[in-house]
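J.: The following block contains a protein sequence and its predicted model.
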Amino acid sequence: MTSAKPRPAATGAPPAPAPPAYQVRVRNVSKSFRTGDGTTAVLDGVDLDVEAGQFVTLLGASGCGKSTLLNLIAGLDRPSAGTIDTGGDRTALMFQEHALFPWLTAGRNIELVLRLRGLGKAERRAEAERLLEVVRLTGAHGKRVHELSGGMRQRVALARALAQDCRLLLMDEPFAALDAITRDVLHEELTRLWRETGLSVLFVTHNVREAVRLAQRVVLMSSRPGRIAREWRVDIPHPRRGEDPAVASLSVEITEVLRSEIRRHGRN
Ligand SMILES: Nc1ncnc2c1ncn2[C@@H]1O[C@H](COP(=O)(O)OP(=O)(O)OP(=O)(O)O)[C@@H](O)[C@H]1O
């Protein structure tokens, strides 16, 4: 005869929600650079979490340390103090400059990354074709970089970043050099990709409307030294457009705070 295992008495309380899974956890990070006349503190005590699957934009005045923070998270440099935990995951980084090799075709630029991942020749070709399709550049595999428009080059750069198969995509003003219409199209594409793939994205920009249009959280950094000054949750449903009244009104609010940060920084 078998007896049923006693079950724990029901307390009536709902189960505690699982804590969020973090893609990156930045704790008390500081960074100083040695300069001609001593050291310059660029970041000081930065705490920032990005949950798995979250889209976070990072805003701040020029020179406040946004790129420095991204480079630290990417592992390109080490913090002077504090910790950065990506759970052992590698990160993919995309810049304003596409940084594609001009002597290779669009497809070969992507295949180079796939080769580093150890994929065989036929697999590389198929995966590069698939990624070009994902960024809506089907048929561009054989095109040389100079044959592509600025927007198309950034699409290839995005496909190459995706080829790294990372869970966290770090983007440093990737669309800043593009015209407004191309940027608008790429905002839509990036949002679609993010929602389809469940990637975590940390996106640096100067453009408040871009930050609000894309993100679930907008994080504002202060300057000298760079710290996290404020953050906003953006609950505006997708699809969003830059000219949506809700996007516009939150952008105005954030711009005011950014302006006062810049004025305060100017008085330092
Ligand atoms: N390797 C380095 N050596 C010395 N100083 C550096 C180094 N890298 C960055 N800095 C300084 O750190 C500060 C922050 O630079 P960073 O590029 O991170 O700012 P940012 O917020 O990304 O600026 P922007 O928005 O203009 O791109 C700047 O004053 C810069 O000169």
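T.: Now that the structure is in, tell me what you want to look at.
J.: Now the element after the helix or strand harbouring Glu196, going C-ward?
T.: Per DSSP states H and E: Glu196 is located in helix 180-197. Later in the chain than helix 180-197, the nearest helix or strand by DSSP H and E is strand 200-204.
J.: quick one: strands adjacent to that following strand?
T.: Applying DSSP bridges to the sheet, strand 200-204 is found paired with strand 55-60 (parallel), strand 168-172 (parallel).
J.: What separation do you get for the residue nearest the centre of the chain and Leu168?
T.: Nearest to the geometric centre of the chain sits Leu202, at 2.4 Å (C-alpha atoms, centre = their mean). Separation of Leu202 from Leu168 (C-beta to C-beta, to the nearest Å): 7 Å. Placement of C-beta: from N, CA and C, glycine included.
J.: hey, what's in contact with both of the two?
T.: Common contacts of Leu202 and Leu168 (C-beta atoms under 8 Å, 6 or more residues apart in numbering): 24, 50, 73.
J.: contacting residues around His141?
T.: Contact partners of His141, counting by C-beta under 8 Å, 6+ apart, are 105-107, 125, 128-129, 132.
J.: do the same with Ile228
T.: By C-beta under 8 Å, 6+ apart, the neighbours of Ile228 are 46-48, 219-222.
J.: Likewise for Phe95?
T.: Contact analysis of Phe95 by C-beta under 8 Å, 6+ apart lists 157, 172-174.
J.: where exactly do the helices run in this protein?
T.: With DSSP state H, the ranges of helices along the chain come out as 66-74, 106-116, 121-134, 150-163, 180-197, 208-214, 245-267.
J.: Ok, which of the ones you listed comes nearest the ligand?
T.: Counting by C-beta to the nearest ligand atom, the ligand lies closest to helix 66-74 out of the helices of the chain; the figure is 3.3 Å.
J.: mind listing what's buried in that closest one?
T.: For helix 66-74, the neighbour count (16 or more other C-beta atoms under 10 Å) marks 66-74 as buried.
J.: again, but for stretch 240-253
T.: Buried-residue list, stretch 240-253, by 16+ other C-beta under 10 Å: 240, 242, 244, 247, 250-251.
J.: Going by distance to Arg153, which of those wins?
T.: Gly242 (22.2 Å; C-beta to C-beta).
J.: Would you mind measuring from the closest one to Val219?
T.: In terms of C-beta to C-beta, Gly242 sits 19 Å off from Val219.
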